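Visitor: Sequence unavailable; structure follows:
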Ligand SMILES: Nc1ncnc2c1ncn2[C@@H]1O[C@H](C[S@+](CC[C@H]([NH3+])C(=O)[O-])CC(=O)[O-])[C@@H](O)[C@H]1O
Ligand SMILES: O=C(O)C(=O)Cc1ccccc1
């Protein structure tokens, strides 16, 4: 039975920083489905891009894998031979459930599940790297180094799929897209209290960049092509090709 996210449903005296602990891991599938517009479309498209871009004898990385949704989409869709998947997260609570989900289905593609800080992990011989709503939780000052390490670990023609919450330089557009996201959460059953307490909990740990910032960084690092391929309100996904 999938459990409903009620983490911010009662009034809290003090709202601490949002963390990926046991309670969050337990309700995560419900939380992400009701909070992130376009999430299931993005997971499907990660599978489709895997079918096209995974190269023989390479590794596929899922950085900040949580329960392994992107890992499972890659594992189901990989057509290249002799690939293996490396799924990394630094939340033990997430990884325990990730292992359980992965072992519920059979596959010929090996998956290595690692508990590590993605800023410290090694990336090599990669044809696909997925950062599905993970970079936004990495301190802004560490993002360039992480993306450079990913670029260096990709084989020629390899891709990075980056999904994020975005911010927008035009204030009216930024406010509109934030309001539409909050409408989306209301429509999915979150109360005003849940929306505002969650907003306080994530404001210091989740720092969105603009699409332009992402594109400029990709260019500076050396990616030969990059663009966004999906957007719903202030959430979206980009692809960068080495
Ligand atoms: N430094 C870090 N090192 C490793 N993991 C980290 C780090 N910081 C945060 N995480 C992990 O990044 C994940 C972000 S959730 C990703 C969803 C998933 N990709 C999905 O496709 O379902 C997105 C969200 O909740 O909005 C959590 O599991 C953190 O523990
Ligand atoms: O819930 C929100 O308001 C978000 O911005 C997305 C989100 C989803 C899951 C964990 C943290 C943030």
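Guide: All right, it came through fine. Predicted model, so just to flag it, every value in this text is computed and none were measured. Ligands and ions are numbered 1, 2, ... in the order given.

Visitor: When you work out contacts or count neighbours from here on, use the C-alpha atoms and nothing else.
Guide: Fine.

Visitor: quick check: longest helix of the protein.
Guide: helix 171-187 (DSSP state H).

Visitor: Toward the C-terminus, what is the element adjacent to that one?
Guide: helix 192-202 (DSSP states H and E).

Visitor: What is that next one packed up against?
Guide: Judged by 3 or more Cα pairs under 8 Å, 6 or more residues apart in numbering; DSSP states H and E, helix 192-202 is in contact with helix 171-187.

Visitor: Could you list every helix and strand in contact with the helix it packs on?
Guide: helix 22-35, helix 192-202.

Visitor: How many residues are close by the residue of the chain found nearest ligand 2?
Guide: Nearest to ligand 2, among the residues of the chain, is residue 35, at 4.6 Å (Cα to the nearest ligand atom). A count of neighbours around residue 35, defined by other Cα atoms under 10 Å, yields 18.

Visitor: Next one: it, what pLDDT does it get?
Guide: As predicted, residue 35 sits at a pLDDT of 98.

Visitor: nearest spatial neighbour of it, skipping sequence neighbours?
Guide: residue 185 (5.8 Å; Cα to Cα, 6 or more residues apart in numbering).

Visitor: Name the residues that touch the longest strand along the chain?
Guide: Longest strand in the chain by number of residues, with DSSP state E as the criterion: strand 154-167. Contact with strand 154-167 is made by 46, 53-54, 123-136, 150, 174, 208-211, 234-242, as judged by Cα atoms under 8 Å, 6 or more residues apart in numbering.

Visitor: can you list the domains in the protein?
Guide: 19-108+125-167+226-241, 168-204 (the TED database).

Visitor: Next, give phi and psi for the residue lying closest to residue 197 once chain neighbours are set aside.
Guide: Distances taken as Cα to Cα, 6+ apart place residue 8 nearest to residue 197, at 6.0 Å, with adjacent residues excluded. Dihedral angles of residue 8 (phi, psi; degrees, to the nearest 10) stand at phi -110, psi 30.

Visitor: same question, residue 44
Guide: phi -60, psi -40.

Visitor: dump the residue contacts of the nearest residue to it once chain neighbours are set aside.
Guide: In space, and not counting its chain neighbours, residue 44 is closest to residue 73: 6.7 Å by Cα to Cα, 6+ apart. Residues near residue 73 by Cα under 8 Å, 6+ apart: 43-44, 46-47.
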